[in-house]
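A.B. asks: Provided below for reference: sequence and predicted model.
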Amino acid sequence: MSSVESLKQIYEANGQSQVFTFFDSLSESSKAALVQQLSSIDPERVSNIAKSVLSTTPDSSSETEKISPLPASASASLLTASADEIAQWTTTGHNLIAENTVAVVLLAGGQGTRLGSSAPKGCFDIGLPSHKSLFELQAERILSLQKLVSRITGKVNVVIPWYIMTSGPTKQPTVSFFRDHDYFGLDPANVTFFEQGVLPCIDNQGKILLESPDKVAVAPDGNGGIYRALVDQAILPDLTRRGIKHVHAYCVDNCLVKMADPVFIGFAASRNVNVATKSVPKRSPIENVGLIVSKDGRPAVIEYSEISAEMAHRTVTAKNREELAFRTANIVNHYYSVEYLTGIPLWRDDYLPYHVARKKIPTVDLVTGQPVSPATPNGIKLEQFIFDCFPQIKLSRFANLEVLREDEFSPLKNKAGTVGEDDADSSRADLLKQGKRWLEAIGASVAPGVVGVEVPPLVSFAGENLEQFKGKSFSSEIELGQEAKI
Ligand code: UTP
């Protein structure tokens with residue numbers, strides 16, 4: 001039997017023979033391309049995943065009984081921690097960075113469909129006075145932190161390696177963007193791109209969708225694809241080769257992200273945890289955000305809808321502050337010990353569940369062969385979530401650090417002028433306002449009506465090094481001059 005015939009049989013045995021609908025009418029080169037793509041897909045795995053996601057019923061309300069806020073032993077907050085505690089975490093973090101044991105992993109494989117930009121999100125200009133892209137801001141933060149740590153600890157050659165996870169759609173434009181910008185001043189030897197996997201898109205009956213007569217519709221397998229990719233793309237041995245012990249993973253779309261944040265690294269390392277998270281306080285009981293909680297005695301991230309209205313509104317008083325009991329909004333800022341990451345091969349294949357993302361997926365009519373551009377969701381992208389590994393971690397090896405939203409979290413999700421939040425306008429304003437707070441804290445002033453000032457990461461990583469601007473007044477939204485470089 002020819003290899004094409006045996007491939008057909010495998011797809012047929014798994015109920016997916018529709019992918020061959022147009023095969024006989026294709027040119028030889030299109031046939032070869034389709035066969036190559038189909039050979040890289042395991043139809044049995046896809047059919048099994050489809051079966052399991054399509055038969056899953058939503059959680060019953062009795063589930064809420066198993067959900068409680070994280071215990072105090074697994075929580076800390078920058079809003080209430082003492083200055084001494086924060087200083088200790090910071091010093092620990094600086095020392096670990098100085099020993100070259102800290103790396104950052106960027107999740108940049110998403111397609112940014114809500115933003116609607118054709119380029120990867122990291123290339124986006126949020127409209128700052130400098131017009132720096134998100135990638136440039138992040139690269140400068142690494143450079144700035146390396147210099148800061150070197151200055152504080154006296155260590156030379158401080159390196160924070162940057163691992164950038166891309167996907168089929170974002171890989172080539174991301175790599176080209178870095179090349180075209182000379183890696184924004186970073187040493188290319190310390191910037192590693194790696195690619196997450198893709199999965200076929202399915203229809204509501206679990207059938208693999210064709211994007212065109214000679215191509216299966218595929219999509220990145222979600223940010224939980226990081227675990228598979230860290231193994232398949234040989235990132236774990238690279239971490240070990242470099243002597244990395246601590247990893248900070250974060251999302252590309254947060255313009256305020258403090259990469260390799262010494263406070264966070266120091267906090268997590270001094271607690272000797274496998275995984276730590278950062279959270280921000282929920283804005284209101286009804287804010288639609290994922291929550292980091294304890295579920296069945298294990299850490300977990302749940303949808304806001306998984307707790308009752310009573311639980312969402314419940315308050316507690318801690319250190320004379322009344323707060324929501326369930327307030328730990330997930331911002332996908334994770335710490336991992338490398339010791340934990342090296343165990344991924346033991347669980348990655350069967351631990352993480354798949355989730356259904358119903359999307360408008362361009363496809364082809366199987367009868368006419370004509371392209372179909374659906375106006376409403378017609379199919380499913382299968383995704384794994386990065387936080388779904390949490391329930392396998394004991395609460396004693398997990399910790400959450402609550403941080404200030406205005407200092408650390410402003411996601412770019414939506415096209416400006418559509419939803420009215422989490423867009424380029426809010427990102428720009430939040431970054432400028434942070435600069436304003438930092439400058440006012442050292443005795444500079446910003447004129448009324450001016451949103452703020454852009455403080456380049458190369459001038460200040462987290463508000464330090466600004467004393468030279470004491471007494472200055474700013475009457476427009478400018479980028480601070482490069483003369484203040486550290
Ligand atoms: P989102 O879930 O917000 O997705 O990603 P997105 O692609 O940015 O935007 P939409 O939903 O299509 O509008 C959160 C983070 O996870 C990364 C994204 O790049 C972002 O940093 N991500 C998402 C991946 O790395 N891979 C994926 O498959 C999905």
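C.D. replies: Sure thing, it's come through.
A.B. asks: from Gly110, how far off is the spatially closest residue to Ala219 that is not a sequence neighbour?
C.D. replies: Leaving aside its sequence neighbours, Ala219 sits nearest to Lys381 (Cβ to Cβ, 6 or more residues apart in numbering; 4.2 Å). Quick note: C-beta positions are derived from backbone N, CA and C, even for glycine. Separation of Lys381 from Gly110 (Cβ to Cβ, to the nearest Å): 11 Å.
A.B. asks: put the alpha carbons of stretch 116-129 into CSV.
C.D. replies: What follows is stretch 116-129, C-alpha atoms only, in CSV (Å, rounded to 0.1, in the frame of the first residue of the first chain):
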residue,chain,number,x,y,z
GLY,A,116,-6.5,43.0,15.2
SER,A,117,-2.9,43.8,14.2
SER,A,118,-1.3,41.8,11.4
ALA,A,119,2.1,41.9,13.2
PRO,A,120,2.9,40.1,16.4
LYS,A,121,1.7,42.0,19.5
GLY,A,122,5.3,42.6,20.7
CYS,A,123,5.9,44.8,17.6
PHE,A,124,3.0,47.0,18.5
ASP,A,125,3.5,50.8,19.1
ILE,A,126,1.3,51.8,22.0
GLY,A,127,1.7,55.5,21.1
LEU,A,128,4.4,56.5,23.6
PRO,A,129,6.4,59.7,22.9
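A.B. asks: now do it: everything it contacts.
C.D. replies: 106, 108, 110, 112, 115, 131-135, 138, 166, 169-170, 173-174, 177, 252-253, 255, 412, 415, 424-425, 427-428, 431-432, 454, 477-479 (Cβ atoms under 8 Å, 6 or more residues apart in numbering).
A.B. asks: next up, the contacts around whichever residue of the stretch 1-150 of the chain sits closest to the ligand.
C.D. replies: Residue nearest to the ligand within the stretch 1-150 of the chain (Cβ to the nearest ligand atom): Gly110, separated by 2.1 Å. Applying Cβ under 8 Å, 6+ apart to Gly110 gives the contacts Lys121, Ser167, Thr170, Pro220, Asn223, Val252, Asp253.
A.B. asks: before we move on, what SS does it have?
C.D. replies: Secondary structure, DSSP: H, G, I helix; E, B strand; the rest coil: Gly110 is coil.
A.B. asks: what pLDDT does the model give it?
C.D. replies: Gly110 is assigned 94 on the pLDDT scale.
A.B. asks: cool, Asp350 as well?
C.D. replies: 75.
A.B. asks: list phi and psi for it.
C.D. replies: Dihedral pair for Asp350: phi -130, psi 0, per degrees, to the nearest 10.
A.B. asks: which bits of the protein sit near the ligand?
C.D. replies: 107-114, 121, 165, 167, 196, 220, 222-223, 225, 251-253, 413 (Cβ under 6 Å from any ligand atom).
A.B. asks: hmm, try it at 5 Å
C.D. replies: 107-114, 220, 222-223, 251-252 (Cβ under 5 Å from any ligand atom).
A.B. asks: for this structure, which strand is longest?
C.D. replies: strand 328-337 (DSSP state E).
A.B. asks: counting by contacts, list what that strand packs against.
C.D. replies: strand 246-251, helix 262-270, strand 275-281, strand 291-295, helix 405-408 (3 or more Cβ pairs under 8 Å, 6 or more residues apart in numbering; DSSP states H and E).
A.B. asks: let's see the first one as CSV, backbone CA atoms only.
C.D. replies: What follows is the C-alpha trace of strand 246-251 in CSV, where atoms were taken according to Å, rounded to 0.1, in the frame of the first residue of the first chain:
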residue,chain,number,x,y,z
HIS,A,246,15.0,30.5,38.5
VAL,A,247,12.7,31.5,35.6
HIS,A,248,10.2,34.3,35.3
ALA,A,249,7.6,33.7,32.6
TYR,A,250,5.3,36.5,31.5
CYS,A,251,2.9,37.8,28.7
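A.B. asks: what's that strand packed up against?
C.D. replies: strand 102-107, helix 262-270, strand 328-337, helix 338-341.
A.B. asks: now those as a markdown table including mean pLDDT?
C.D. replies: Conversion of these to a markdown table gives the following (pLDDT from 0 to 100):
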| stretch | mean pLDDT |
| --- | --- |
| strand 102-107 | 98 |
| helix 262-270 | 98 |
| strand 328-337 | 98 |
| helix 338-341 | 97 |
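A.B. asks: using a markdown table, please lay out these together with mean neighbour count.
C.D. replies: Formatted as a markdown table, the helices and strands packed on strand 246-251 follow (neighbours: other Cβ atoms under 10 Å):
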| stretch | mean neighbour count |
| --- | --- |
| strand 102-107 | 25 |
| helix 262-270 | 24 |
| strand 328-337 | 23 |
| helix 338-341 | 17 |
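A.B. asks: nearest to Leu78, out of these?
C.D. replies: helix 262-270 (7.3 Å; Cβ to Cβ).
A.B. asks: what are the contacting residues of that closest one?
C.D. replies: With Cβ under 8 Å, 6+ apart, helix 262-270 has contacts from 76, 78, 86, 88-94, 96-97, 102, 145, 149, 245-246, 248, 258, 276, 278, 333, 335, 337, 399, 401, 403.
A.B. asks: now do stretch 423-434
C.D. replies: By Cβ under 8 Å, 6+ apart, stretch 423-434 touches 115, 124-128, 255-256, 406-407, 410-417, 451-455, 477.
A.B. asks: of all the residues in that stretch, which ones are buried?
C.D. replies: By neighbour count with 16 or more other Cβ atoms under 10 Å, stretch 423-434 contains the buried residues Asp423, Ala424, Asp425, Ser426, Ser427, Arg428, Ala429, Asp430, Leu431, Leu432, Lys433, Gln434.
A.B. asks: returning to what we had before: do you know which of the helices and strands packed on strand 328-337 lies nearest Gly343?
C.D. replies: strand 275-281 (11.4 Å).
A.B. asks: quick one: average confidence on that closest one?
C.D. replies: 98.
A.B. asks: angle of it against strand 246-251?
C.D. replies: 40 degrees (axes from the mean of the first three to the mean of the last three Cα atoms, to 10 degrees).
A.B. asks: helices or strands up against strand 275-281?
C.D. replies: So strand 275-281, by 3+ Cβ pairs under 8 Å, 6+ apart, packs with helix 262-270, strand 328-337, strand 398-402, helix 405-408.
A.B. asks: if we can go back for a sec, which of the buried residues of stretch 423-434 lies closest to the ligand?
C.D. replies: Among those, and counting by Cβ to the nearest ligand atom, the member closest to the ligand is Asp423, at 11.4 Å.
A.B. asks: list phi and psi for the closest one.
C.D. replies: phi -130, psi -170.
A.B. asks: does it have beta-bridge partners, and which?
C.D. replies: For Asp423, the beta-bridge partners are Asn414 (DSSP bridges).
A.B. asks: same question for Val316.
C.D. replies: Beta-bridge partners, per DSSP bridges, of Val316: Glu323.
A.B. asks: burial check on it, number of neighbours?
C.D. replies: Counted with other Cβ atoms under 10 Å, residues neighbouring Val316 total 12.
A.B. asks: what sits against it?
C.D. replies: Val316 sits in contact with Pro69, Glu322, Glu323, Leu324, Ala325, where contact means Cβ under 8 Å, 6+ apart.
A.B. asks: can you lay out those as a markdown table showing pLDDT, distance to Asp182 and neighbour count?
C.D. replies: Output for the contacts of Val316, formatted as a markdown table (pLDDT from 0 to 100; distance: Cβ to Cβ, whole Å; neighbours: other Cβ atoms under 10 Å):
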| residue | pLDDT | distance to Asp182 | neighbour count |
| --- | --- | --- | --- |
| Pro69 | 97 | 47 | 20 |
| Glu322 | 91 | 51 | 8 |
| Glu323 | 94 | 46 | 17 |
| Leu324 | 96 | 46 | 21 |
| Ala325 | 96 | 49 | 17 |
